[in-house]
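Undergrad: make a model of this:
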Amino acid sequence: MMYVASKERYTTMEYNRCGDSGLMLPKVSLGLWHNFGDTSKFENMRQLCFTAFDNGITQFDLANNYGPEPGSAEINFGRILKEALGKYRDELIITTKAGYEMWDGPYGNWGSRKYLLASLDQSLKRMGLEYVDIFYHHRMDPETPLEETMGALASAVQSGKALYVGLSNYDGKTLSQAASILQEMHCPFVINQNRYSIFDRTVEKNGLKKTTGILKKGLITFSPLAQGQLTDRYLNGIPEDSRIRTDGRFLKESNLTPERLQQIRELNDMAAGRGEKLSEMALGWLLAQQEVTSVLIGASRPQQILDNIKAIHCAPFTEEELVRIDEIAAENTASTSFRK
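TA: Residues are numbered from 1 along each chain as shown. Okay, the predicted model is just below:
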């Protein structure tokens, strides 16, 4: 059956301006980091995309290495575009990235001009697109001159293969330097993508969040639920169908220490007192941050998307609640890091 988007798709979602640019982004965006590789069922991928778009999620976030195998998420999303979503292309924000290892040899990694522009061409081919809306450098490169990396991003826009550019996994100091270079090049740099959650405050500590606000750039957060820790999924043990059991590459059983489980229970109790699920409160906490433009969710089932969208109607936080959330988060200072 031919897919026809819901006529009500823009009545549910709310949109934020991306920094001081003209671009509006949905408060909740769909990430294709997991569940869009060759090990996932294609029909489920389709339903995830359809459910997202039917509810006003216009932004679909990819990277060259998303899979498994690397590149397969872009191939699968490209097929969904060709078969169903492509007719809505002008209503979609499609993003991709390059910065992690993608192919063998010295030109398939990090931040050289050679790698970034070749990778973008490959991504466009996999998705069957003429351009992406946002092209990100995926991580800081300590070896390549920042001017070279930023120049490659500017070239992507000048060639018509990207409308905007973004930076991912940068710190505040490097972000400030990069932004200055991109401004001199008149390159439309509009957004940063970083891990941020109640449990992971790295962007608060490394100056990224503050610098984003000063520069008036957007901020989209990945792993907003700390790989499922900020949900009610692990309150009563580890389910057999959980990611810990089925895919131990990221969240591991050892991460769920007694101290972390106690934090989760305390936050869950607070959410219940607000009449919300823990996941709603955790996403709502991020969206309440002035600097945050959008939260990037992952999903294995369409219902998870519908549940997460509820966060845009999260109740306002009192000062006492915000203080208490910070106190709970500080009870266990051991941070968990996930490569993305």
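
Undergrad: in the stretch 201-340 of the chain, where is pLDDT below threshold?
TA: Within the stretch 201-340 of the chain, the segments meeting pLDDT under 70 span 240-250, 332-340.

Undergrad: which residues in the stretch 101-250 of the chain form helices?
TA: If you assign secondary structure with DSSP state H, counting those that start in this stretch, the helices in the stretch 101-250 of the chain sit at 113-127, 146-158, 172-184, 202-205, 208-215, 243-246.

Undergrad: average model confidence for the longest one?
TA: Spelled out, it's helix 113-127. Across helix 113-127, the average pLDDT comes to 98.

Undergrad: show me what it is in contact with.
TA: 62, 64, 71, 74-75, 77-78, 81, 94, 96, 98-99, 102, 107-109, 130-132, 135, 137, 148-149, 151-153, 155-156, 161-162 (C-beta atoms under 8 Å, 6 or more residues apart in numbering). C-beta: built from backbone N, CA, C; applies to glycine.

Undergrad: same question, the second one
TA: Judged by C-beta under 8 Å, 6+ apart, the contacts made with helix 146-158 from elsewhere in the structure are 111-113, 116-117, 120, 135, 137, 141, 162-165, 174, 177-178, 181-182, 185-189.

Undergrad: compute the inter-axis angle for it and helix 172-184.
TA: Here helix 146-158 runs at an angle of 50 degrees relative to helix 172-184 (axes from the mean of the first three to the mean of the last three C-alpha atoms, to 10 degrees).

Undergrad: tell me the mean pLDDT for helix 146-158?
TA: 99.

Undergrad: how about the third one?
TA: Averaged over helix 172-184, pLDDT sits at 98.

Undergrad: tell me which residues of it come out buried.
TA: 172, 174, 175, 176, 178, 179, 181, 182 (16 or more other C-beta atoms under 10 Å).

Undergrad: and that helix, what does it pack onto?
TA: helix 146-158, strand 162-168, strand 189-195, helix 208-215 (3 or more C-beta pairs under 8 Å, 6 or more residues apart in numbering; DSSP states H and E).

Undergrad: mind checking which of the ones you listed is nearest residue 303?
TA: Within the helices and strands packed on helix 172-184, the stretch nearest residue 303 is strand 189-195; the backing value is 24.6 Å (C-beta to C-beta).

Undergrad: just checking, what packs against the closest one?
TA: The contact analysis (3+ C-beta pairs under 8 Å, 6+ apart) places strand 189-195 against strand 132-137, strand 162-168, helix 172-184, helix 202-205, helix 208-215, strand 218-222.
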